[in-house]
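# Would you be able to build a 3D model of this:
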Amino acid sequence: MAQAIQVGAIRLAAPLPAFSSSFHGEASSKHGISSPPLHTRPSSSRIVIRSVYPSDPFPPRIPRQGQPNEYKLPVEEYYTPPPPPVPYYGPPPPVKPPPPPPRTLNPDKLPPKSTNAEPPPPVPENKGLSALGIPELDLPEPTDKDGKPIKSTYRSPYAKPEPPPRPYHPERPTNSRVIEWLNPPPPPTELMQREQFKLSDTCSMTIYFGDITKWRVDGATDAIVAPANKKVNAGAAVDGVIHKVAGPRLLSACQRLPDVAPHGVKCEVGQAVSTKAFNLPVSRVIHAVGPVYEGRESDADLEKTYASALALAATEGIKHIVFPPLSCRIYGYPYSEGAEVALKALKNGCQGFTQIDIVIRNIEGYDAFIDEANKVLEAIKERKTIPMPPPPQEQQSPIPYL
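I've put the predicted structure just below:
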């Protein structure tokens, strides 16, 4: 006996065998269901789902053949093709006319210009109170005793107060070191000899107050030592003066030096590198990296810097060399302590050199080096004069090279 159960829009039809049990009877009498529970249904039963609406456009999924409890839904029962479109036999739709061409002005059809036209009335000038019939007072502009106009000193009560004047004035005398650094005296532009000393039997030293770029001996075996940083870039003070006189090719040659450490480091503290001098009147420029002053613990690194510069100059055949006060002032070294370390290092490494000079552009540093040299070196009374070098000829090669 087959029974059909209507669930919404789906009708379930299945052959259900007859069962008689107390459980089934209780369930039937309680819920009004004539079918047995699902767990008592035999495995041979089959459920067929058919759509009530044959033209339902969303039929259930059809599983593969051979699966248990397969769905049987004929195609003709749930899909009906739409009717064909009805042809139109009426009149054709109206065609829109094309837009008219844009209008252009024909100069031949323009009306002639009138020669008797009157000009427009002039615009009345704004005469202030006189336009309203009120006489004005022609007062002169206020001026001072020199005839200059006086500016109004009126200040709104809502305006911000003016800042107080700066305590520093460039014309006032002061002993502040910061002010001295901000407004240094003009640097010397020539060499002025003061004292000459004896380092060894074959090497002498002259301490100058002046411009280190004017120092020169023969242009073949002489070199200038430039204070540098780790990246051997153009710095301030003495290094900036040297780069300015040597020209931009010196900086290009420094940038082409190989890196010895990450982040563009080309020379470590206590070491030195060498390049050509370009527009300087000497043959080579030795870039030495001095330490930053951290007390007397920095003396070993400063002495190593002087020794490295001398050793590099000796390998390049240099016989005459000049030093600035390395690490002094800009790196924090006091001139007195820097002079003590410098003279000790130069005296120990003067073998193979004929002349080792020191040029200082600060009068305070010059006095400190002279005082220290009088303590540790033997002074030579005779004076030595160095002629001014001729102006160097500009080289025509624009390509920088080492």
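# All the helices of the chain, residue numbers only.
Using DSSP state H, the helices of the chain run over 22-31, 75-78, 177-182, 237-246, 248-255, 299-315, 335-348, 363-376.
# Okay, now the unreliable bits of the stretch 251-400 of the chain?
Confidence mapping of the stretch 251-400 of the chain against pLDDT under 70 gives the ranges 381-400.
# Break this protein into its domains for me.
Here the domain assignment for the chain is 2-78, 191-380, based on automatic domain parsing.
# Can you convert those into TSV and add a column each for distance to residue 106 and mean neighbour count?
For the C-beta atoms, the positions are set from N, CA and C on the backbone; glycine is no exception. Shown next, in TSV, are these (distance: least, Cβ to Cβ, whole Å; neighbours: other Cβ atoms under 10 Å):
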stretch	distance to residue 106	mean neighbour count
domain 2-78	66	11
domain 191-380	68	19
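# Let's have these in TSV, adding distance to residue 122.
Listed next are the domains of the chain as TSV, based on distance: least, Cβ to Cβ, whole Å:
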stretch	distance to residue 122
domain 2-78	84
domain 191-380	65
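# any idea of the pLDDT on residue 195?
The confidence metric pLDDT takes the value 86 at residue 195.
# mind listing what it touches?
Listed by Cβ atoms under 8 Å, 6 or more residues apart in numbering, the contact set of residue 195 reads 206, 207, 370, 373, 374, 379.
# out of those, what pair is the most spread apart?
206 and 374 (13.9 Å; Cβ to Cβ).
# Compare the helices of the chain and report which one is nearest to residue 218.
helix 299-315 (14.4 Å).
# Please export the C-alpha coordinates of the closest one as CSV.
Provided in CSV are the C-alpha atoms of helix 299-315 (Å, rounded to 0.1, in the frame of the first residue of the first chain):
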residue,chain,number,x,y,z
ASP,A,299,95.8,59.7,23.2
ALA,A,300,96.7,56.2,21.9
ASP,A,301,94.3,56.6,18.9
LEU,A,302,95.6,60.1,18.1
GLU,A,303,99.2,58.9,18.2
LYS,A,304,98.2,56.0,16.0
THR,A,305,96.7,58.5,13.5
TYR,A,306,99.9,60.5,13.2
ALA,A,307,101.9,57.3,12.8
SER,A,308,99.6,55.9,10.1
ALA,A,309,99.9,59.1,8.1
LEU,A,310,103.7,59.1,8.3
ALA,A,311,103.9,55.4,7.3
LEU,A,312,101.6,56.0,4.3
ALA,A,313,103.6,59.0,3.2
ALA,A,314,106.8,57.0,3.5
THR,A,315,105.5,54.3,1.2
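# residues in contact with residue 261?
By Cβ under 8 Å, 6+ apart, the contact list for residue 261 reads 230, 268.
# returning to that earlier point: for residue 144, find the nearest of the domains of the chain.
When the domains of the chain are compared (using Cβ to Cβ), the closest one is domain 191-380, at 45.3 Å.
# Do I have it right that residue 218 meets residue 320?
Yes: at 7.2 Å, residue 218 counts as touching residue 320 under the criterion of Cβ atoms under 8 Å.
# among the domains of the chain, which is nearest residue 120?
domain 191-380 (65.7 Å).
# Ends of the closest one, what's the gap?
18 Å (Cα to Cα, to the nearest Å).
# what do you get for stretch 318-335?
With Cα to Cα applied, stretch 318-335 spans 27 Å between its terminal residues.
# same deal with stretch 329-337?
In stretch 329-337, first residue to last residue: 11 Å (Cα to Cα).
# Show residues contacting it.
Stretch 329-337 has contacts (Cβ under 8 Å, 6+ apart) with 227, 235-237, 290-293, 296, 298-299, 302, 325, 327-328, 362, 364-365, 368-369, 371-372.
# Go again with 6 Å.
237, 290, 292, 293, 327, 328, 365, 368 (Cβ atoms under 6 Å, 6 or more residues apart in numbering).
# ok, now how distant is the residue lying closest to the second one once chain neighbours are set aside from residue 291?
Closest residue to residue 290 in three dimensions, ignoring its sequence neighbours and counting by Cβ to Cβ, 6 or more residues apart in numbering: residue 327, at 3.5 Å. Counting by Cβ to Cβ, to the nearest Å, the separation of residue 327 from residue 291 is 6 Å.
# intersection of neighbour lists for the two?
residue 302.
# Hmm, residue 192 is touching residue 210, no?
Yes: assessed by Cβ atoms under 6 Å, residue 192 is found in contact with residue 210 at 5.1 Å.
# how far away is the residue nearest to residue 290 from residue 105?
Relative to residue 105, and taking Cβ to Cβ, residue 327 is found at 85 Å.
# got it, and residue 334?
Plainly put, residue 334 is 90 Å away from residue 105 if you go by Cβ to Cβ.
# Next: residue 233.
69 Å.
# ditto for residue 156
Distance, residue 156 to residue 105, using Cβ to Cβ: 58 Å.
# Give me the spatial nearest neighbour of residue 198, chain neighbours excluded.
Once flanking residues are discounted, residue 198 sits nearest to residue 378: 4.6 Å by Cβ to Cβ, 6+ apart.
# can you check residue 240 too?
Distance criterion Cβ to Cβ, 6+ apart; nearest residue to residue 240, sequence neighbours excluded, is residue 234 at 6.1 Å.
# Got phi/psi on that neighbour?
Here is the backbone geometry of residue 234 (degrees, to the nearest 10): phi -70, psi 120.
# Isn't it up against residue 243?
Yes: counting by Cβ under 6 Å, residue 243 is a contact partner of residue 234 at 4.1 Å.
# for residue 292, what are its contacts?
Contact partners of residue 292, counting by Cβ under 6 Å, 6+ apart, are residue 331.
# how near is it to residue 327?
Separation of residue 292 from residue 327 (Cβ to Cβ): 7 Å.
# Contacts for stretch 296-304 next, please.
With contact meaning Cβ under 6 Å, 6+ apart, stretch 296-304 is reached by 269, 270, 290, 291, 327, 341, 345.
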